[in-house]
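S.K.: need coordinates for the below:
(one chain, ligands or ions: 1)
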Amino acid sequence: MSTNLFGLELDALTAHFKALGEPPYRARQIYAWLYAKRARRFDAMANVPKALRARLAETGEVRWPEVADRQHSTDGTVKYLFRLDDGASIESVYIPEARRRTICISTQAGCPLKCAFCLTGIAGYKRNLKTWEILGQVATVMTEAAEIDPDGSPERAWNVVVMGMGEPLLNYDATVSALRVLMDPEAFAITPKRLTLSTVGILPALEKLMLEPVRPNLAISLHAPNPALRRELMPIEEKYRLEDVIAAAQRYPIPRGGRVTYEYVLLRDTNDRPQHARELVRLLRGTHSKVNLIPLNPAAEIPFGAPSRAAVEAFTGILSDADVAVSVRRPRGQDILAACGQLHLKKASAERAPVAAR
Ligand code: SAH
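M.R.: Model prediction:
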């Protein structure tokens, strides 16, 4: 059987090499080729003896998930659709900016949480991703970005946000394994402050994450200033309550003394009114945190509208007047369906359409 070495952490690689009768330093060399240099063939691994490369190729492989589609936005954003072995599909997004480059990655094919405004939830849940499928998204985007956008100067450092499809804390082991490889200076070398995990706040998993030796930044999907409204938008509120999620998030040790981010998707006439902003102020006042307002990225399947510009401005004003740190997410890639889940849904319906027509 052929083992995919891509996705293995150093200890698993070392065990694999031990079984082949090879010393641990070889595992370390291959580890760097896999994740620091992102070689896709054993043949490219120049400091590994030819005979060993041939043996590795017989018993194993280096495999990334397969790109099924790419959509290029006029603003430089690139949306990727990956087709997985079992036919599941996932999305990643490359977002170039003047001072940094960001990759948004998925951790599940679909999502079981069913937030009312999220297309991924509306489309349903398939399965957890494996570590190699999570890391392969980053490797693919980094490699292709170097080709389409060669200005990889250190001032444009990579950021990774775990904000694509799925709930990362419902796929804890594979996600945290991927995060370790992303943050390892000998591997992808993303510094923890440039890595952000976004979650609705799966409490037992969040408690576990706090105890990991190296942790990413934390963004909590809040979306409502009170439990009743949050329950309408996010069924998970039944299980992990707003106040408990905030209390846990405030204990989370953010890298380098940074702050927790609370994400708040603004939905027209639903959670975007001044009274909601005032309620949010009361909820967060005194916490060491910041709010990221996200005007809804609308789609035909989503039963909510985007907020008006005036509503976004009024909401922002109320928070900043009360000294709650606030930013508004700029929409990117709107011409290419960059709202999470849109590309996946479009592909799936395009593939179903001919069958339905028969
Ligand atoms: N499950 C995790 C991570 C994936 S969602 C979480 O909920 O945090 C990442 C962010 O995108 C969340 O804040 C989510 O609410 C937001 N989001 C989902 N659909 C959106 C849409 N149509 N427009 C704007 N933001 C959306």
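
S.K.: can you pull the contacts of Arg156?
M.R.: Contact analysis of Arg156 by CB atoms under 8 Å, 6 or more residues apart in numbering lists 96-101. For glycine as for every other residue, the C-beta is placed from the backbone atoms N, C-alpha and C.

S.K.: give me the subset of those lying in strands.
M.R.: In strands, defined here by DSSP state E, the members of the contacts of Arg156 are 96, 100-101.

S.K.: rewinding a little: just the closest of the contacts of Arg156 to Thr14, please.
M.R.: Of all the contacts of Arg156, Thr14 sits closest to Arg101, with 31.6 Å by CB to CB.

S.K.: for that closest one, list each beta-bridge partner.
M.R.: Pro96, Trp158 (DSSP bridges).

S.K.: let's have the chain start at 783 instead
M.R.: All set: I'll call the first residue 783, so the last point we hit is now Arg883.

S.K.: and it, how far is that from Ile877?
M.R.: According to CB to CB, to the nearest Å, Arg883 and Ile877 sit 7 Å apart.

S.K.: helix, strand or coil for Ala1081?
M.R.: With DSSP: H, G, I helix; E, B strand; the rest coil as the basis, Ala1081 sits in coil.

S.K.: now for Phe799, how many residues are close by?
M.R.: Phe799 has 22 neighbours, counted by other CB atoms under 10 Å.

S.K.: re the thing from before, export the ones in strands among the contacts of Arg938 as CSV, with columns for distance to Asp1026 and neighbour count.
M.R.: Below are these laid out as CSV (distance: CB to CB, whole Å; neighbours: other CB atoms under 10 Å):
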residue, distance to Asp1026, neighbour count
Pro878, 38, 17
Arg882, 33, 13
Arg883, 35, 21
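
S.K.: specify which member of these is nearest to Trp846.
M.R.: Distances from Trp846 to the ones in strands among the contacts of Arg938, taken by CB to CB, are shortest for Arg883, at 18.7 Å.

S.K.: roughly how far apart are that closest one and the ligand?
M.R.: To the ligand, Arg883 is 19 Å away according to CB to the nearest ligand atom, to the nearest Å.

S.K.: wait, doesn't that residue sit right on Asn941?
M.R.: Yes. Contact criterion CB atoms under 8 Å: Arg883 and Asn941 qualify, at 7.0 Å.

S.K.: doesn't Asp793 lie inside a helix?
M.R.: Yes. When three-state DSSP is applied, Asp793 is found to be in a helix.

S.K.: looking at the contacts of Arg938, which is nearest His1005?
M.R.: Nearest member of the contacts of Arg938 to His1005, counting by CB to CB, is Glu879, at 24.7 Å.

S.K.: same question for the longest helix seen in the chain, mean pLDDT?
M.R.: Counting by DSSP state H, the longest helix found in the chain is helix 913-930. For helix 913-930, mean pLDDT is 94.

S.K.: do the same with stretch 1077-1096
M.R.: The model assigns stretch 1077-1096 a mean pLDDT of 95.

S.K.: how far does that stretch sit from its chain's centre?
M.R.: Centroid displacement of stretch 1077-1096 relative to its chain, using CA atoms, centre = their mean, to the nearest Å, is 22 Å.

S.K.: same question, stretch 1027-1045
M.R.: Stretch 1027-1045 has its C-alpha centroid displaced from the chain centroid by 17 Å (CA atoms, centre = their mean).

S.K.: please apply the same query to stretch 786-796.
M.R.: 22 Å.

S.K.: just the residues contacting that stretch, thanks.
M.R.: Taking CB under 8 Å, 6+ apart as the rule, stretch 786-796 contacts 798, 806, 809-810, 812-813, 816, 838, 842-846, 912-915, 917-918, 921, 959, 962-963, 966, 968.

S.K.: ok, stretch 1081-1090 next?
M.R.: 898-901, 904, 1048-1052, 1054, 1077-1080, 1097, 1119, 1121, 1124, 1127.

S.K.: equivalent analysis for stretch 841-851, please.
M.R.: 784-788, 798, 802, 816, 821-824, 862-866, 871-872, 914-915, 918-919, 921-922, 1125, 1129.
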